[in-house]
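Asker: Okay, sequence plus prediction incoming.
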Amino acid sequence: MLRFWTLTAAAVLLAACGEPAANEPAAPAEAPAQQAAPESSADEAGNGGEWPPVGDTSAEITQDDLHFRIATLADDRFEGRAPAAEAGERAAQWIADELARVGVQPAGTQGWFQPVPLIEATLVEERSRLDITINDEPMGLTMGQSVVYWSQNPEEHVAIADTELVFVGYGVVAPEYGWNDYEGLDVEGKTVVILVNDPGYARPEAGRFNGASMTYYGRWTYKFEEAGRQGAAGAIIVHQTEPASYGWDTVAASWTGSQFTLDMPPSDLVPVQGWIHLNAARELFAATGHDFDSLAEAAAEPGFTAVALEGAVMSAELHTSLRRLTSNNVVGMVEGSQAPDEYVLLMAHWDHLGVRLNFASDNNIYNGAVDNATGTAAIMEMMEAFALGQQPRRSILFVAVTAEESGLLGSAWFAANPTVPLNSIVAGLNIDGELPVGRTEDVVVVGYGASEIEDILREEAEAQGGRYLTPDPSPEAGYFYRSDHVSLARVGVPMLYAGGGSVHVEHGREFVETAALAYRMNRYHQPADEYNPDWDLSGLEEDTRLLYAVARRIADSDEWPNWYEGNEFRSLRDAMMENR
């Protein structure tokens, strides 16, 4: 799911939700020029009535080209670019057609495409239920309001009955950090209640885990994976906006409607998964004789012991409609002149959330203009520049992946089934959502201090008028683990996730923070993430030029940048390169 995002100094941006939840601050009254214009389309970007439009773009990286490509990708006629949907796959075809027009060559397993087998699971809400009973009194949990639930099991009917509830703190087993929340605990057939993020977040000054920077142990994906390994029947994460870095509305929007998983042999899966609203969690803990805040604080300390929520049991009956579908990664290449079997990877996800029920307005198309028409447009611009410019020494590999919003599935499939050997990918750049706020003094690097690609970025940024690198302003949110580059990182390929900035060249830091908060509160993963022809794309143009310069430098050299010493992925890369 996370799914997302935007790189700015505002730590709140990635969190994003649509309408502010009742317990969150209202969005700022003012928002800079990135405000969405309703029902905008590619026609407004000057493309006439032809659909899908044929570009009239240049070999240069320009704002006009970016406007055209973002407007097209975010047009209502692509219906929110849902993976495996007819309109969404038309968007993938348009990307391929545009690449072919500018001279990029197809490099997928089937022409331009790498098929990605998916299972679409849609909870039949009117036939499904989940509730917690405390001393025989049902809590009356309401789907979308106090709880969100689903099953990843590829089964049409999943049921659990009267499962005991156990609070397992952060639900982490991390031997390298000397931490095991499940130590001595048998949760077979029980439902575990889990905090989001990891113990380092609660007390960063204590130096546990990676301090304020979230590790993979803090991700919701890990929580469910570990609960499955422990044999739990159900796993419920307590939603808290700050440690999650997104509001409840984002949870409700992201985990309802059709959900996708890869169609491959399942590993350990928790039959019933979900999130519970903080207010409902407080009620649950209080009714079982506990104070939520006190237990959450204790869970961040070494030696925490799981707590049974006596008298509380959870039951669920889930009816799910299943369809086996295929979506596509779009794969293209500009062949290198001297080392064609060595590749610089450019990656972005083309998909978004499609068409979903939206009770807040009549607009039910989630167009994802920022998330991630911006990133897809940027790597298309870079490929056009490579294809029409001087041939690079190494090959440039373009991969626009599908189903990122469903859990990084397209990139996970590519990493497991690469179209080129993984040890032939020299380095990769990922772009995932950039706010159209104009030019910034700096460049934000998510996962700062990870790889030697940053050294190249730093030098190229300095050459671009004295720009400088800024570490991810909210490492506690774990943004490094929320986009497609991490699928490649987890198999060892050095990746860079950078772009945008925190200080506007004219209006300063507050301008960017205000824009970020407005997007987070009102547009992220909401139908309001629309294209606006008045957007200032000078910053996206500058960042795209910068990342092109980084890719060009790597492509024209014989350097093999690695992860820095001590990085969690370094040993994977070293082992991979031994066989090259």
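Answerer: Thanks, I have it.

Asker: Start and end of stretch 565-580, how far apart?
Answerer: Stretch 565-580 has its terminal residues 20 Å apart, counting by CA to CA, to the nearest Å.

Asker: got the buried residues for that stretch?
Answerer: 567, 569-570, 572-573, 576 (16 or more other CB atoms under 10 Å). C-beta: built from backbone N, CA, C; applies to glycine.

Asker: with these in mind, which one is nearest to R553?
Answerer: Comparing those against R553 with CB to CB places R573 closest, at 19.6 Å.

Asker: Among the buried residues of stretch 565-580, show me the least confident.
Answerer: pLDDT across the buried residues of stretch 565-580 is lowest for N567, at 83.

Asker: which residues sit in contact with that residue?
Answerer: Residues near N567 by CB atoms under 8 Å, 6 or more residues apart in numbering: 450-451.

Asker: Repeat that for E510.
Answerer: By CB under 8 Å, 6+ apart, the contact list for E510 is empty.

Asker: now P115
Answerer: So P115 contacts 109, 326-328 (CB under 8 Å, 6+ apart).

Asker: So it belongs to a strand, correct?
Answerer: Yes - according to DSSP: H, G, I helix; E, B strand; the rest coil, P115 belongs to a strand.

Asker: which residues does it bridge with?
Answerer: Beta-bridge partners for P115, by DSSP bridges, are N328.

Asker: For V491, see how far away it is.
Answerer: 20 Å (CB to CB, to the nearest Å).

Asker: How many neighbouring residues does D186 have?
Answerer: 10 (other CB atoms under 10 Å).

Asker: With V486 instead?
Answerer: Using other CB under 10 Å, V486 has 23 neighbouring residues.

Asker: got a list of what it touches?
Answerer: By CB under 8 Å, 6+ apart, the neighbours of V486 are 408, 411, 480, 495.

Asker: between those residues, which is closest to L141?
Answerer: L408 (28.7 Å).

Asker: Need the pLDDT of that closest one.
Answerer: What the model reports for L408 is a pLDDT of 93.

Asker: That one and S487 touch, don't they?
Answerer: Yes - counting by CB atoms under 8 Å, L408 touches S487, with 5.4 Å between them.

Asker: any common contacting residues for those two?
Answerer: Residues touching both L408 and S487 (CB under 8 Å, 6+ apart): there are none.

Asker: quick one: the helices in the stretch 251-400 of the chain?
Answerer: Assigned by DSSP state H, counting those that start in this stretch, the helices in the stretch 251-400 of the chain fall at 278-287, 292-299, 374-388.

Asker: Would you mind giving the domain segments of this structure?
Answerer: What automatic domain parsing lists as the domains of the chain is 13-17+32-120+326-546, 125-321.

Asker: Return the most buried member of these.
Answerer: Of all those, domain 13-17+32-120+326-546 has the most neighbours on average by mean count of other CB atoms under 10 Å, namely a mean of 22.

Asker: Below-threshold pLDDT in the stretch 201-350 of the chain: ranges please.
Answerer: 266-267 (pLDDT under 70).

Asker: what are the ranges of the strands in it?
Answerer: Using DSSP state E, counting those that start in this stretch, the strands of the stretch 201-350 of the chain run over residues 234-238, 258-262, 272-276, 307-334, 339-349.

Asker: which other helices and strands contact the last one?
Answerer: Spelled out, it's strand 339-349. The contact analysis (3 or more CB pairs under 8 Å, 6 or more residues apart in numbering; DSSP states H and E) places strand 339-349 against helix 374-388, strand 394-401, helix 409-416, strand 425-430, helix 485-489, helix 538-555.

Asker: Can I get the ones you listed in CSV including distance to Q273?
Answerer: Formatted as CSV, those follow (distance: least, CB to CB, whole Å):
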stretch, distance to Q273
helix 374-388, 28
strand 394-401, 23
helix 409-416, 16
strand 425-430, 27
helix 485-489, 20
helix 538-555, 36
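
Asker: out of the domains of the chain, nearest to W560?
Answerer: The closest of the domains of the chain to W560 is domain 13-17+32-120+326-546. By CB to CB, the value is 5.8 Å.

Asker: and T221, what is it in contact with?
Answerer: G407.

Asker: ok so, going back, can I get the domains of the chain in JSON lines including distance to S557?
Answerer: Conversion of these to JSON lines gives the following (distance: least, CB to CB, whole Å):
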{"stretch": "domain 13-17+32-120+326-546", "distance to S557": "7"}
{"stretch": "domain 125-321", "distance to S557": "30"}
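
Asker: out of these, which comes closest to I554?
Answerer: Using CB to CB as the measure, domain 13-17+32-120+326-546 is the one of the domains of the chain that comes nearest I554, at 5.2 Å.

Asker: Among the contacts of P115, which pair sits farthest apart?
Answerer: T109 and S327 (13.6 Å).

Asker: re the thing from before, can you pick out the most distant pair from the contacts of V486?
Answerer: S411 and F480, at 13.8 Å, using CB to CB across the contacts of V486.

Asker: isn't S337 right next to R393, touching?
Answerer: Yes - here S337 reaches R393: they are 5.8 Å apart, a contact under CB under 8 Å.
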